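Novice: Need a 3D model of the following:
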Amino acid sequence: MAQNAPVILRLVASSIKVAARAGKIIRDVMLRGELGIVEKGKNDLQTEADRSAQRCIVASLSQQFPAITIIGEEEPSNCEVPSDWVVTDCDNDILQLACPKELQDISDEEIVVWVDPLDGTSEYTQGLLDHVTVLIGVAVGDRPVAGVIHQPYYNYKNGGEDTGRTLWGIVGVGVGGFEPQEAPKGKRYITTTRSHSNDVVQAALDALQPDEIVRVGGAGHKVMLLMEGKVHAYVFASPGCKRWDTCAPEAILVAMGGQLTDIHGNLYPYNKNTPHQNSKGVLATGRNQDHEWYLRNLPDAIRQHLA
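Specialist: Numbers count the residues shown, from 1 in each chain. Below is the predicted model:
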C-alpha cells in the first residue's frame, strides 16, 4: 500500500477489498446452509454470516489501521480469525485520487469506522439476497466522509464469477462502482421499510402522496435505489435504524450530491461517543435540492412523534 497516500484514501482502498471478502464469507455461509440464527430482539436477527463478516472486517482494518476506532453492529469477538479472512491488499486506483485538502492531514486517531457486516439480515434468512449489503462508513468528527457498500449478491441470479459489486464514495472526491442516475421527473417514488412499518411510518408516506412505494430491506439497499435513480426519496419515520446502517450510505449519497438527515432535517453525528440509534427517523434524497420539499411536506404531527 502506498504509505504516502492520505489515510482516508488508504482506508477506503482497503475497505473496498475487505468488504468484498466479507461478501464472500456471507455467500459461503449461505451455501453451507447452516445460518446459525440468533434472535437479538423483535424483528432483529443475527446469523453466522453477520458474526463472521464482522470478524473479517474488524481484524483486517485493525491490523492495517490499529489507531482507528471501529464500531460494529455485532458484539466484539475474541475468537481467532482464520488467516484467509484477514485482508491486507487494497484498491490501488483509489490511492491515485486527489484527496480534498480538508482530509489530507487527518490522523488515524480522528477516524471512526461504522460497520454493518450484513445489512438486511432478515431478508438474507428469507432468501431475498439482492437486499443484502456490507456497509463500512468512515467518519471524521461528526461527519461521514467516506463509505463503501458491497452488494454480495448483485447479479447472483445469472451465476458465474461476476456476482457481487462494490460502490464507494468520498466526500469532495466523488463516487465509483456505479453510475449515479436521477429518478424520473414528473413522478414520486419513495422507498421505505419492508418489515418495520407502523401507523406513523405509513402516515408520513401518505402525506407525501407518492406514485409508488418501494418496500425493501436494508438501509444500504434503500440508498442504492436513490443512487441509481430508481426512487426519489427514502422516508422512514421511526427510530428503527442505527448509525452503522446510515454512515456509509450517507457518505456516498453526499459525495454524489444527495442528502440524508433525520425527519427534522438535522444531521446525525457519527463521533465515537454518539448514541447508536437514529432516534428521529431517516429522510434521504438523491438530489440535495429535493430535500427541502420532503421536509416541508411532512406533517408536524409526524415530527412531534419523533421529537
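
Novice: in this protein, which spans are helices?
Specialist: Here the chain has its helices, by DSSP state H, at 7-32, 48-64, 92-95, 101-104, 121-125, 199-208, 219-227, 243-255, 291-297, 300-305.

Novice: What lies in contact with the third one?
Specialist: Put plainly, it is helix 92-95. The contact list for helix 92-95 (Cβ atoms under 8 Å, 6 or more residues apart in numbering) reads 1-2, 5, 9-10, 12-13, 16, 168, 176. C-beta here means a position set from N, CA and C on the backbone, and glycine is covered the same way.

Novice: Next, count neighbours for the closest residue to residue 209 other than its chain neighbours.
Specialist: Counting by Cβ to Cβ, 6 or more residues apart in numbering, residue 209 lies nearest to residue 188, which is 6.9 Å off, once chain neighbours are set aside. Number of residues near residue 188 (other Cβ atoms under 10 Å) recorded here: 18.

Novice: swap in residue 198?
Specialist: 11.

Novice: Could you check how far it is from residue 204?
Specialist: Look at residue 198 and residue 204: by Cβ to Cβ, to the nearest Å, they are 10 Å apart.

Novice: Residue 112 too?
Specialist: Counting by Cβ to Cβ, the gap from residue 112 to residue 204 is 30 Å.

Novice: Kindly report the same for residue 158.
Specialist: Counting by Cβ to Cβ, the gap from residue 158 to residue 204 is 37 Å.

Novice: So between the two, which is more surrounded?
Specialist: residue 204 (27 against 8).

Novice: isn't the more buried one right next to residue 298, touching?
Specialist: Yes - using Cβ atoms under 8 Å, residue 204 makes contact with residue 298 at a distance of 5.9 Å.

Novice: Overlap of the contact sets of the two?
Specialist: 237, 263.

Novice: And residue 130, how close does it get to residue 157?
Specialist: Taken as Cβ to Cβ, the span from residue 130 to residue 157 is 8 Å.

Novice: neighbour count winner among the two?
Specialist: Neighbours per residue (other Cβ under 10 Å) separate residue 130 from residue 157, with residue 130 holding more: 19 against 9.

Novice: ok so, going back, would you list the helices of the chain in JSON lines and tack on distance to residue 164 and mean pLDDT?
Specialist: Formatted as JSON lines, the helices of the chain follow (distance: least, Cβ to Cβ, whole Å; pLDDT from 0 to 100):
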{"stretch": "helix 7-32", "distance to residue 164": "5", "mean pLDDT": "95"}
{"stretch": "helix 48-64", "distance to residue 164": "13", "mean pLDDT": "93"}
{"stretch": "helix 92-95", "distance to residue 164": "18", "mean pLDDT": "97"}
{"stretch": "helix 101-104", "distance to residue 164": "28", "mean pLDDT": "96"}
{"stretch": "helix 121-125", "distance to residue 164": "14", "mean pLDDT": "88"}
{"stretch": "helix 199-208", "distance to residue 164": "31", "mean pLDDT": "94"}
{"stretch": "helix 219-227", "distance to residue 164": "13", "mean pLDDT": "96"}
{"stretch": "helix 243-255", "distance to residue 164": "16", "mean pLDDT": "98"}
{"stretch": "helix 291-297", "distance to residue 164": "31", "mean pLDDT": "96"}
{"stretch": "helix 300-305", "distance to residue 164": "37", "mean pLDDT": "93"}
